[in-house]
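K.L.:
Sequence first, predicted coordinates after that:
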Amino acid sequence: MKRYLFTIEDESAGERVDRLLPSLLEGVSRNYLQQVIKDGGLTVNGKTAKPSLKVKDGDSLELELPDAESPDILPEDIPLDILYEDSDVIVINKPKGMVVHPAAGHYSGTMVNALMYHCGDSLSGINGCMRPGIVHRIDKDTTGSVIACKNDNAHMKLSEQFKEHSIKRSYRAIVLGVLKDDEGTIDAPIDRLPNDRKKMGIVPGGRRAVTHYKVLERFKDYTYVECRLETGRTHQIRVHMTHIGHPLLGDLVYGKETSSLNKRFNLDGQTLHAMELGFIHPASGELVDVIAPLPAYFEHLLEVLRNS
């Protein structure tokens, strides 16, 4: 059983507790926390709380998370493209199609299985046995930089940087249509869609989400863009670019393109790459800036668009 104590400060006052806690516990899903709260795992000022409770300035929260009961997650000798590594952290250039951590239906072949083999017992345990070392994640079909932690101290310090939005995260994407403005900012709240809980969308009252974009290159029917995350909501870039009428090429969840278009470019999922990851090293305090080169499929697609 893990026990967490929080004191609410003014900027969080008025927020539902089931929406606040996921931002305080990076990598723990809202659905899981809601169930824990429903089962009596949260008290506010000593009284059992409901998920819908709105917290007040100065409230004292005590959360108890039960020890995870899960299948055995085994180390697997899967090659890793390591961009940076030391005794505290490791940054991986994740390939397309690889799931970051085990979940229902994906208990092997994940980045965690590979990390367990590479790092042995040197992975933080804050997120439990299903997500050792994992501070953040990117989607299965998104490529690029993912950081993992080798000890709990590094994990806590990097989690704080993610919470404060001080991590530099720059992505590359190809979107449908030609963007008129050279750059812009999308500030629109994101949450799960009430009628489809598997999808995210722009939802009034959802969690604030901010994406800054810049045009890198324009083609006849597409645009190559850089997207910089100010916040880090689930599917944020995919949802935001769709919101302004320019969904990511290859994105069959949020985009409107047909399967024939995906076949034309031989695509498997959205064209999105986590290119740059910058953070303050948890031990040295120095800035670490890691660049993940574009994957071959992405480079090839750019050449096709330039010559079409």
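P.N.:
Structure's in. What do you need?
K.L.:
which stretches of the stretch 1-150 of the chain form strands?
P.N.:
Applying DSSP state E, counting those that start in this stretch to the stretch 1-150 of the chain gives strands spanning 2-7, 42-44, 47-48, 60-65, 82-85, 89-94, 143-149.
K.L.:
So which of the ones you listed is the most surrounded?
P.N.:
strand 143-149 (a mean of 26; mean count of other CB atoms under 10 Å). (Each C-beta comes from the backbone N, C-alpha and C, glycine too.)
K.L.:
For that one, give me every contacting residue.
P.N.:
Contact partners of strand 143-149, identified using CB atoms under 8 Å, 6 or more residues apart in numbering, comprise 83, 88-96, 100, 111, 115, 119, 123-124, 133-138, 155, 158, 171, 272-277, 279, 282, 290, 292, 295, 298.
K.L.:
Now list the buried members of those residues.
P.N.:
Neighbour-count burial (16 or more other CB atoms under 10 Å) applied to those gives 83, 88-94, 96, 100, 111, 115, 119, 123-124, 133-138, 155, 158, 171, 272-277, 279, 282, 290, 292, 295, 298.
K.L.:
Would you mind splitting the protein into its domains for me?
P.N.:
2-65, 82-164, 168-278+287-306 (automatic domain parsing).
K.L.:
any idea of the mean pLDDT for the second one?
P.N.:
pLDDT averaged over domain 82-164 equals 91, rounded to a whole number.
K.L.:
And the helices in this protein?
P.N.:
Taking DSSP state H as the criterion, the chain contains helices spanning 17-24, 30-38, 111-119, 152-163, 236-243, 259-265, 296-306.
K.L.:
and of those helices, who's closest to Thr48?
P.N.:
For the helices of the chain, the distance to Thr48 is smallest for helix 30-38, at 8.8 Å, taking CB to CB.
K.L.:
name the helices or strands packed onto that closest one?
P.N.:
helix 17-24, strand 60-65 (3 or more CB pairs under 8 Å, 6 or more residues apart in numbering; DSSP states H and E).
K.L.:
ok, residues contacting the shortest one?
P.N.:
Put plainly, it is strand 60-65. Contacts for strand 60-65 (CB under 8 Å, 6+ apart): 1-8, 17, 21, 28, 33, 36, 41-46, 49, 55.
K.L.:
ok, it: who's next to it in the sheet?
P.N.:
strand 2-7 (antiparallel), strand 42-44 (antiparallel) (DSSP bridges).
K.L.:
Next, format the domains of the chain as TSV and append distance to Leu74.
P.N.:
Shown next, in TSV, are those (distance: least, CB to CB, whole Å):
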stretch	distance to Leu74
domain 2-65	21
domain 82-164	7
domain 168-278+287-306	26
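K.L.:
circling back to that earlier point, for Pro204, find the nearest of the helices and strands packed on helix 30-38.
P.N.:
helix 17-24 (13.6 Å).
K.L.:
Buried residues, the closest one. List them.
P.N.:
Across helix 17-24, burial judged by 16+ other CB under 10 Å covers 17-22.
K.L.:
if we take those residues, which one ends up nearest to Ile202?
P.N.:
Closest to Ile202, out of all of the buried residues of helix 17-24 and judged by CB to CB, is Arg19, at 16.0 Å.
K.L.:
Of all the strands paired with strand 60-65, which one comes closest to Glu230?
P.N.:
strand 2-7 (23.5 Å).
K.L.:
just the angle between the closest one and helix 17-24, please?
P.N.:
Put simply, strand 2-7 runs at 100 degrees to helix 17-24, going by axes from the mean of the first three to the mean of the last three CA atoms, to 10 degrees.
K.L.:
Pull the residues that contact strand 2-7.
P.N.:
By CB under 8 Å, 6+ apart, strand 2-7 touches 24-25, 58-65, 67.
K.L.:
Repeat the analysis, applying 7 Å as the threshold.
P.N.:
24, 60-65 (CB atoms under 7 Å, 6 or more residues apart in numbering).
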